[in-house]
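Chemist: Any chance you could fold what I've pasted below:
(2 chains)
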2 protein chains.
Amino acid sequence: MPDTTYDIPHTVLAVDIGGTRFRVALFDGEGRRLVVSEGDTSHSGGRKWMLERVRERARALLEQTGYRVGGCGISFGGPVDFQRQRVTSIHSPGWKNFSFAKWVGTNLNLPCLLDNDANAGALGEFRYGAGRGTESLVYVTLSTGVGAGLILNGKTHRGKDGLAGELGHIPISDSGITCSCGAAGCLESLCSGRAIAERAKALGWLPSHGSTYGHAMACPYSGEQSEGITAKEIMQAASEGDTTAARVVSEAARWLARGLLTVVRILNPDKIVLGGGLTLAGQVLLAPLQQCLAELASPTIGYSTAIVVAELGTYSSLYGAAALALDLMKLQPLTRLPRQ
Amino acid sequence: MPDTTYDIPHTVLAVDIGGTRFRVALFDGEGRRLVVSEGDTSHSGGRKWMLERVRERARALLEQTGYRVGGCGISFGGPVDFQRQRVTSIHSPGWKNFSFAKWVGTNLNLPCLLDNDANAGALGEFRYGAGRGTESLVYVTLSTGVGAGLILNGKTHRGKDGLAGELGHIPISDSGITCSCGAAGCLESLCSGRAIAERAKALGWLPSHGSTYGHAMACPYSGEQSEGITAKEIMQAASEGDTTAARVVSEAARWLARGLLTVVRILNPDKIVLGGGLTLAGQVLLAPLQQCLAELASPTIGYSTAIVVAELGTYSSLYGAAALALDLMKLQPLTRLPRQ
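Modeler: Next comes the predicted model:
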């Protein structure tokens, strides 16, 4: 059924609020990015600061384009109550129970659909990235923390409490390391950017010689630091032959391999798509990951689930936000968007 | 849409081939068991022996009933290629690549649908047991091995290679214990009936005083033995205060809790339904399981996934086989079952 039947406008607004970057963009009906406006997230600014930036940039885009924009999708880097369409974050001050979709209706005059960044990333890769043509995929985001979004039989699987995909908090180890969630032995406490930085620090690792990479706060995974040490620095050092750094990355890769094989065993999806800042490190992480996956393999139970890197890079969630908006418009073509 | 529109017969044949018992039964269109004929599985008899028993008992039921029987469902206790409708078992001699559904067509003149016992158990509990009214459930079968069947958004989720639900083979431990699958550290190698028996043996445990329970081969989880020790004996001893037996059960419960919490974190299903022979032990296993689940809980990430015991007991898979047959009849009411 062609969209034109209902005169659905072919342009949507997509908003991605991440821990280090935020983005406001326009996409066409086929999920092509027309224009993006982005900046660094200010943690001290809180909700008010963030919303002012979003409103400002969104209004500029809406005024500049000659297209009629029909809806908005938001990817939020924190817990979201999808049913109630509001942020449930207990970590970031000011965001708790905030009805973000309603705010978009009031401030930008657009119908809006909100989801968390892992689900949005999964949808983005499924619709426009590495997951095109699959029926099921698990998108795993590796950055400060570890999360996942699930697309099963073509649809986002959210679970009973909206807590499906909490891959970072599977109880995978007896290590006793306490996770940010308060439990012990979570996957996230062993292979996230934060975990990598803390492990290096525990081993007494320090960045050697004059660093060739910029200051941590400018990198896409700047949140992953422990008293000045960042996961990016450790990845870089590992790739340059630093044995301690290589050990830290190798240990993290082993835990990650166990986590991914767990997903394969339970869901056997068409694909697992790896996204998030840590994947930008490339082969220094991916090579030991593949090696560990091979070592953990069973000689009698195979699988053809492909484990690949996100095609949309750090934009998976933004594309997912666009897909949310386009899906919303298809759901309510006549009531909210009457024929002109 | 009422079934009567197509004059669909309201009775189906259900077959359950398990490692210790086999069952042939008639069910009505609402999934009520009309009659069941069952016996012990002979391992030495192989496929030929088994098929003769099924044909014999099925024909007797089909002759005895006054209802018209319209289809057949089979639950098979081993790997099944659902797409090709054949057994793929590499463990049991004679079953490899056997087209069981085709055999039913030839020998019993009924359209037939075949699935493995974990998927059938999940479908049985979903449709007629503890999962009624849910949208998603994970059925976990705890017997000689550990397996799972997934119902997501009302449908069986099989995965890319038909290997979804291989919960017994998630890499959960550094124990180094080699699993029956050949890999190390699988969940099954730590909390299956076989693992419980082997752990007790490793601790030098022997059944004390004159046993009050019958010979292992008559119990529903008789396969779970290690040189004469059975999981049933250990469960019984634990419930009678044997400290070594209690330790073995407690250790297994802890691993199982980790496996179930992993399922909760990844899928957050409406329910997890525990089936299989081990659950017949009741509170001696379930009490430490609940305690371990509470200990592993995160103070910040909750869940309302209910973890319950199968309502259909050891008949979950048989009911699932009936559901398979009824689903098949709805799929092909006019082509294969013409209006009379």
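Chemist: Could you list the alpha-carbon positions for stretch A:103-117 in CSV?
Modeler: Extracted in CSV, the C-alpha atoms of stretch A:103-117 (Å, rounded to 0.1, in the frame of the first residue of the first chain):
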residue,chain,number,x,y,z
TRP,A,103,6.8,17.9,25.0
VAL,A,104,7.5,17.5,21.3
GLY,A,105,3.8,17.8,20.6
THR,A,106,3.6,21.1,22.6
ASN,A,107,6.9,22.6,21.5
LEU,A,108,7.3,21.4,17.9
ASN,A,109,3.7,20.6,17.0
LEU,A,110,4.6,17.1,15.8
PRO,A,111,3.3,13.7,16.8
CYS,A,112,6.1,11.8,18.4
LEU,A,113,7.3,8.3,19.4
LEU,A,114,10.1,7.8,22.0
ASP,A,115,12.3,4.8,22.7
ASN,A,116,15.5,4.0,24.4
ASP,A,117,18.8,4.1,22.4
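Chemist: Average pLDDT for stretch A:181-192, rounded please.
Modeler: When pLDDT is averaged along stretch A:181-192, the result is 96.
Chemist: hmm, I was thinking of stretch A:113-120
Modeler: 97.
Chemist: quick one: contacts of it?
Modeler: Residues outside stretch A:113-120 that contact it (C-beta atoms under 8 Å, 6 or more residues apart in numbering or on different chains): A:16-18, A:71-80, A:82, A:85-87, A:100-101, A:123, A:139, A:141, A:147-150, A:156, A:158, A:165, A:316-318, A:320-321, A:323-325, A:327-328. Placement of C-beta: from N, CA and C, glycine included.
Chemist: same thing with stretch A:55-67?
Modeler: Under C-beta under 8 Å, 6+ apart, the answer for stretch A:55-67 is A:9-11, A:13, A:15, A:24-26, A:28, A:34-35, A:37, A:39, A:69, A:72, A:107-108.
Chemist: Of those residues, which belong to helices?
Modeler: A:N107, A:L108 (DSSP state H).
Chemist: near chain B, from the contacts of stretch A:55-67?
Modeler: Contacts with chain B within those, as defined by C-beta under 8 Å from any C-beta of the partner chain: none are present.
Chemist: Now which of the contacts of stretch A:55-67 would you call buried?
Modeler: A:P9, A:H10, A:T11, A:L13, A:V15, A:V24, A:A25, A:L26, A:S37, A:V69, A:C72, A:L108 (16 or more other C-beta atoms under 10 Å in any protein chain shown).
Chemist: Mind checking which of the residues you listed land in strands?
Modeler: A:T11, A:L13, A:V15, A:V24, A:A25, A:L26, A:S37, A:V69, A:C72 (DSSP state E).
Chemist: any chance of those residues in TSV, plus pLDDT and distance to A:G276?
Modeler: Shown next, in TSV, are these (pLDDT from 0 to 100; distance: C-beta to C-beta, whole Å):
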residue	pLDDT	distance to A:G276
A:T11	92	28
A:L13	98	24
A:V15	98	19
A:V24	98	21
A:A25	98	19
A:L26	97	24
A:S37	95	22
A:V69	93	29
A:C72	98	24
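Chemist: Can you report how many residues lie near A:D327?
Modeler: The local packing of A:D327 (other C-beta atoms under 10 Å in any protein chain shown) involves 16 other residues.
Chemist: my guess is A:K102 contacts A:Q85, does it?
Modeler: Yes - using C-beta atoms under 8 Å, A:K102 is in contact with A:Q85, at 7.2 Å.
Chemist: quick one, which of these two is more surrounded?
Modeler: A:Q85 (17 against 14).
Chemist: Contacts only, for the nearest residue to that one once chain neighbours are set aside.
Modeler: Of all residues not flanking A:Q85 in the chain, A:A101 sits nearest, at 4.1 Å (C-beta to C-beta, 6 or more residues apart in numbering or on different chains). Contacts for A:A101 (C-beta under 8 Å, 6+ apart) come out as A:I74, A:Q85, A:R86, A:C112, A:L113, A:L114.
Chemist: Of those, which is the most crowded?
Modeler: The most crowded member of the contacts of A:A101, judged by other C-beta under 10 Å, is A:I74 (30 neighbours).
Chemist: partner residues bridging it?
Modeler: Beta bridges link A:I74 to A:V15, A:L114, judged by DSSP bridges.
Chemist: Check the spacing between it and chain B real quick.
Modeler: In this view, A:I74 and chain B are 22 Å apart by C-beta to the nearest C-beta, to the nearest Å.
Chemist: just checking, that residue touches A:A322?
Modeler: No - look at A:I74 against A:A322 with C-beta under 8 Å: they stay out of range, at 10.4 Å.
Chemist: Which neighbours do those two have in common?
Modeler: A:A14.
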